[in-house]
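Peer 1: what's the 3D shape of this:
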Amino acid sequence: MKPLLLVLAVLLAITLWFRHDNVNLSRSLAKANQSARDQKNTINTLLQQLSEAQRIARSNEDAQVRLREDLAAVGEEMARREAAIGKWVNENEELRRWYNAQLPDAVRRLHTRAACASAAHCLQRLPEGERLSDAGK
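Peer 2: Numbering: from 1, shown residues only. Presented below is the predicted three-dimensional model:
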């Protein structure tokens with residue numbers, strides 16, 4: 001009878017130990033699953049951010065290409081205008097005098113003032129009583 005009680009006590013102890021171990025392993029598994037879910041959510045968020053960043057980068061590259069094309073077109077137009085002005089100045093004596101004449105004082109002051117922060121800051125660029133003089137006279 002004693003050996004039977006001893007065997008039962010040992011079996012009960014082993015069962016309790018397995019139950020305790022099983023509870024600990026279940027908790028560890030639940031934590032691991034939660035960690036895996038959190039990491040999966042983080043990965044999905046990062047993938048969405050990466051996708052958005054790539055979309056913005058493509059958009060920026062397209063905008064830069066358009067700006068370079070616009071800049072090239074403006075440069076060509078400026079060169080054509082400068083060539084036309086040079087041709088006209090060389091062909092026309094009156095235009096040459098006007099082109100080489102000094103700007104009126106009011107216009108020169110406009111070029112030396114600081115840039116306007118907004119339209120309201122530029123209201124009084126030219127004094128009301130001062131008229132622009134004819135540059136050709």
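
Peer 1: next helix or strand past the strand or helix carrying R66?
Peer 2: Element membership for R66 (DSSP states H and E) is helix 2-91. Later in the chain than helix 2-91, the nearest helix or strand by DSSP H and E is helix 93-100.

Peer 1: related to what we said a few turns ago, what is the helix holding R66 packed up against?
Peer 2: In terms of contacts (3 or more C-beta pairs under 8 Å, 6 or more residues apart in numbering; DSSP states H and E), helix 2-91 is packed against helix 93-100. Glycine gets a C-beta too; all of them are placed from N, C-alpha and C.

Peer 1: can you state the direction angle for the helix it packs on and helix 2-91?
Peer 2: 140 degrees (axes from the mean of the first three to the mean of the last three C-alpha atoms, to 10 degrees).

Peer 1: buried residues in helix 93-100?
Peer 2: Buried residues in helix 93-100, counting neighbours by 16 or more other C-beta atoms under 10 Å, are absent.

Peer 1: and E77, how many neighbours?
Peer 2: 10 (other C-beta atoms under 10 Å).

Peer 1: Same check on K40?
Peer 2: By the criterion of other C-beta under 10 Å, K40 has 10 neighbours.

Peer 1: How about V107?
Peer 2: Residues near V107, counting by other C-beta under 10 Å: 14.

Peer 1: Which element, helix or strand, includes it?
Peer 2: V107 belongs to helix 105-112, assigned by DSSP H and E.
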